[in-house]
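*Asks:* Here's my sequence, what's the structure:
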Amino acid sequence: MTAQIHPQAIVDPLARIGEGCVIGPFAVIGAGVEIGDHCQIGAHTVIEGPSRLGTHNHIFQFASVGTAPQDLGYTGEPTALEVGSHNTIREFVTINRGTVKGGGITRIGNHNLLMAYCHVAHDCCIGDQVVMANAATLAGHVSVEDHAILGGLSAVHQYARVGAHAILGGGTMAPLDIPPFMMAAGNHARLHGINVRGLARRGISRETILQIKRAYRLLFRSGQRLDGAMDEVLEHGLNAPEVAYLLDFIRSSKRGITRP
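*Replies:* Numbering: from 1, shown residues only. The predicted structure follows:
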């Protein structure tokens, strides 16, 4: 099945378009762009390279994908964007390529939903099945792990991380790392307990959720320093893999951890 490219679209001869793709009118696909099979590219969308997209992605009209990073130190180096498969990128989303100092690549995984007006800056890394609601914004070098949800108008500071299964309320300003499994909201963000409903929806067992809750109380409600509280979590026999992941996330934090 050949691609359907509207006669008013502009596709560089050096771009590679997969089978079954649909390219809308006035879309501009630049050199160095690779689009996998069965992608839909909306009208007036701009995709610049080097950028590589997987299969079955749907990019809506007026999105800007793979453009140069908004970084004063960027001087035109051939950095890249890598996008997985089955992603939905809505109207006016902007996604920038990486920078040399940040590793050179912005990465987006699979089955993600980026709603209208979201921004993904240079060198960000988004996992799988992430939802960014309208106008959620990632500064440079941000990491968002699997199944995280970012509420509308939320913003994450440079180099900060959002852990797996975490959820940020609308308008949240997150200057520090958001631990996995947590709910956070506010300016500046504060933790508001465990994302119990989200964990249950994704098949996390009741016993594991109870362990995460106990770990949360020890870490953030016992009044102890985090290092001592982490030791106590282990002493209490909270040995679910999810708890171990939570502790590893906290230990590896460079910006600091958001607290209640």
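
*Asks:* Residue 246 looks like it's in a helix, true?
*Replies:* Yes: counting by DSSP: H, G, I helix; E, B strand; the rest coil, one finds residue 246 located in a helix.

*Asks:* what ranges do the helices span in this structure?
*Replies:* 196-201, 206-220, 226-235, 241-251 (DSSP state H).

*Asks:* can you list those in TSV and add distance to residue 67 and mean pLDDT?
*Replies:* Glycine gets a C-beta too; all of them are placed from N, C-alpha and C. Shown next, in TSV, are the helices of the chain (distance: least, Cβ to Cβ, whole Å; pLDDT from 0 to 100):
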stretch	distance to residue 67	mean pLDDT
helix 196-201	32	96
helix 206-220	39	97
helix 226-235	39	93
helix 241-251	31	98
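
*Asks:* Redo those helices as TSV? Include distance to residue 15 and mean neighbour count.
*Replies:* Formatted as TSV, the helices of the chain follow (distance: least, Cβ to Cβ, whole Å; neighbours: other Cβ atoms under 10 Å):
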stretch	distance to residue 15	mean neighbour count
helix 196-201	38	14
helix 206-220	46	17
helix 226-235	49	15
helix 241-251	39	17
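
*Asks:* who's in contact with residue 184?
*Replies:* By Cβ atoms under 8 Å, 6 or more residues apart in numbering, residue 184 lies in contact with 166-169, 172, 174, 178, 190-192, 258.

*Asks:* Mind checking which of the residues you listed are in strands?
*Replies:* 167-168, 174, 190-192 (DSSP state E).

*Asks:* Which segments of the chain make up each domain?
*Replies:* Under automatic domain parsing, the residue ranges defining each domain of the chain are 4-141, 199-251.

*Asks:* Just put the ones you listed in a markdown table and tack on distance to residue 148.
*Replies:* Converted to a markdown table, the domains of the chain look like this (distance: least, Cβ to Cβ, whole Å):
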| stretch | distance to residue 148 |
| --- | --- |
| domain 4-141 | 5 |
| domain 199-251 | 12 |
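
*Asks:* right, so the ones you listed: which one is the most enclosed?
*Replies:* Sort the domains of the chain by mean neighbour count, taking mean count of other Cβ atoms under 10 Å, and domain 4-141 sits at the top with a mean of 20.

*Asks:* Excluding chain neighbours, what is closest to residue 123?
*Replies:* Spatial nearest neighbour of residue 123, excluding adjacent residues (Cβ to Cβ, 6 or more residues apart in numbering): residue 102 at 3.1 Å.

*Asks:* what's the one you found in contact with, if anything?
*Replies:* Residue 102 neighbours (Cβ under 8 Å, 6+ apart): 122-123, 140-141.

*Asks:* ok, now residue 36?
*Replies:* By Cβ under 8 Å, 6+ apart, the residues touching residue 36 are 18, 53-57, 85.

*Asks:* For those, give me TSV that also has distance to residue 203 and pLDDT.
*Replies:* Formatted as TSV, the contacts of residue 36 follow (distance: Cβ to Cβ, whole Å; pLDDT from 0 to 100):
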residue	distance to residue 203	pLDDT
18	33	98
53	29	98
54	25	98
55	26	98
56	24	98
57	26	98
85	22	98
